[in-house]
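**Student:** can't give you the sequence, but here's the structure:
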């Protein structure tokens with residue numbers, strides 16, 4: 001009985017965490033604002049931002065040239081985390097989702 005109660009509590013907390021992550025998944029507009037704060041200048045209109053939404057989190061990759069990408073960030077729970085060093089290539093792990 002105690003194990004099933006612990007399992008129920010853990011499952012409930014996990015579901016609550018997932019709902020919180022989905023609700024706080026940042027938008028493209030929030031990414032543009034973050035990018036502007038980091039760079040100190042607005043993102044040029046010639047730069048396309050590629051967003052891939054995974055539900056719990058999203059990835060944001062500025063497309064600088066035809067097939068060259070800038071620094072890729074993951075947006076999770078209202079925050080952004082850098083996952084590439086701006087080597088202007090598409091992250092290999094995102095290929096699995098295309």
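**Tutor:** In hand now; what should we look at? Keep in mind that what you see is a predicted model, and the values were worked out from it rather than measured. Numbering: from 1, shown residues only.
**Student:** Provide a list of residues in contact with residue 74.
**Tutor:** Contacts here follow CB atoms under 8 Å, 6 or more residues apart in numbering; on that basis residue 74 touches 57-60, 80-81, 83. From N, CA and C alone the C-beta is placed, and that goes for glycine too.
**Student:** switch the cut-off to 10 Å
**Tutor:** Under the criterion of CB atoms under 10 Å, 6 or more residues apart in numbering, the contact partners of residue 74 comprise 26, 52, 54, 57-60, 80-83, 91.
**Student:** now, which of these lie within strands?
**Tutor:** 52, 58-60, 80-82 (DSSP state E).
**Student:** Make a PyMOL selection of whichever of the residues you listed turn out to be buried.
**Tutor:** In PyMOL, this line selects whichever of the ones in strands among the contacts of residue 74 come out buried by 16 or more other CB atoms under 10 Å:
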select buried, resi 58+59+60+80
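**Student:** got the buried residues for stretch 8-26?
**Tutor:** Residues of stretch 8-26 classed as buried under the neighbour-count rule (16+ other CB under 10 Å) are 21, 25-26.
**Student:** and it, how far from the chain's centre?
**Tutor:** Computed by CA atoms, centre = their mean, to the nearest Å, the separation of stretch 8-26 from the middle of its chain amounts to 17 Å.
**Student:** Over that stretch, what's the mean pLDDT, rounded is fine.
**Tutor:** Stretch 8-26 shows an average pLDDT of 93 in the prediction.
**Student:** Mind listing residues that contact that stretch?
**Tutor:** 33-34, 51, 53-58, 60, 73-80.
**Student:** cutoff 6 Å now
**Tutor:** Contacts of stretch 8-26 from elsewhere in the structure, counted by CB atoms under 6 Å, 6 or more residues apart in numbering, are 55-56, 58, 75, 77-78.
**Student:** Alright, calling it a day.
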